[in-house]
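Peer 1: Build me a structure from this.
(one chain, ligands or ions: 1)
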Amino acid sequence: MHFHILTLFPDMVMSGLNTSIIGRAVKNDLLTIDAVNIRDFAFNKHQSVDDYPYGGGAGMLMQAEPVYLAYQSVAEKLSKKPRVVYLSPQGQTFSQQMAEEFAQEENLLLLCGHYEGIDERVLEEIVTDYVSIGDYVLTGGELPAMVMVDAIARMVPGVLHNDVSAEFESFQDNLLEYPQYSRPEEWHGKKVPPVLLSGHHANIEKWRREQSILRTWKNRPDLLEKAVLTEAEEEFLKKNQNNT
Ligand code: ADE
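Peer 2: Numbers count the residues shown, from 1 in each chain. From the prediction side, this is the model:
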């Protein structure tokens with residue numbers, strides 16, 4: 001999979017994404033991440049890419065032409081028109097389901113705005129998807145683009161060394177993850193739940209699933225409504241929801 005990030009701050013994006021698991025995936029040629037500097041496509045001698053909005057108002061806008069030229073520099077090398085995501089608080093809220101869907105693309109362009117936004121005309125011409133990472137306003141689209149790349153890239157086969165973990169994690173079945181413990185068996189007087197030391201795999205699986213259900217009920221009841229529980233699990237939840 002190839003990510004192309006159109007941005008005024010390529011170093012910010014590349015330094016964030018060249019580390020840890022995503023950095024390793026790039027080194028292993030499972031994905032490529034290119035940052036395209038929109039400023040390289042400025043068409044005046046001052047290399048400026050922003051201007052005042054018509055009609056007045058606060059702040060500056062990114063102009064249409066540099067954004068369009070930056071887009072074209074990527075699109076002209078591809079055999080089909082790519083999906084282009086504009087990161088904006090006005091977009092649809094990003095979700096695990098969207099990450100899975102975007103992970104099917106061979107190429108994905110992410111357009112990061114700055115200042116007060118981007119001239120509407122170029123958005124109309126190139127953008128296919130408007131995505132927000134949540135109901136708050138950031139200073140630019142770079143952090144949201146990095147969030148998207150991280151969530152999408154980990155769905156690409158081979159990026160997480162053990163492919164099962166992408167499948168079984170939070171949200172996959174609308175349940176949050178169960179609590180986990182490592183050595184030592186006792187820390188600050190707190191003991192690891194005995195079932196986890198029992199070596200009895202079926203009991204461990206059952207306990208984990210029940211913990212996931214309880215946690216989701218407590219922290220994200222909205223998610224639990226979408227989860228599919230067995231009758232026995234419904235019963236378990238009824239019995240235990242008041243002792244958490
Ligand atoms: N740009 C500024 N704020 C944003 C947000 N919440 N999501 C996506 N892009 C943004």
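Peer 1: residue boundaries of the helices in the chain?
Peer 2: Using DSSP state H, the helices of the chain run over residues 10-17, 20-27, 64-75, 96-102, 120-126, 142-153, 163-168, 201-219, 221-224, 231-240.
Peer 1: If you average pLDDT over each of those helices, which is lowest?
Peer 2: Between these, the one with the least mean pLDDT is helix 163-168; it has a mean of 57.
Peer 1: Next, count neighbours for T230.
Peer 2: Using other Cβ atoms under 10 Å, T230 has 9 neighbouring residues. (C-beta placed from N, C-alpha, C; glycine too.)
Peer 1: and it, how far is that from the ligand?
Peer 2: In this structure, T230 and the ligand are 37 Å apart, going by Cβ to the nearest ligand atom, to the nearest Å.
Peer 1: What are the phi and psi values at that residue?
Peer 2: Backbone torsions for T230, taken as degrees, to the nearest 10, come to phi -80, psi 170.
Peer 1: who's in contact with the most centrally placed residue in the chain?
Peer 2: In the chain, the residue lying closest to the centroid (Cα atoms, centre = their mean) is M148, at 3.1 Å. When the contact criterion is Cβ atoms under 8 Å, 6 or more residues apart in numbering, the partners of M148 are 85, 87, 94, 99, 102, 110, 131, 133.
Peer 1: Which one (most neighbours) among those residues?
Peer 2: When the contacts of M148 are compared by neighbour count (other Cβ under 10 Å), L110 ends up highest, at 29 neighbours.
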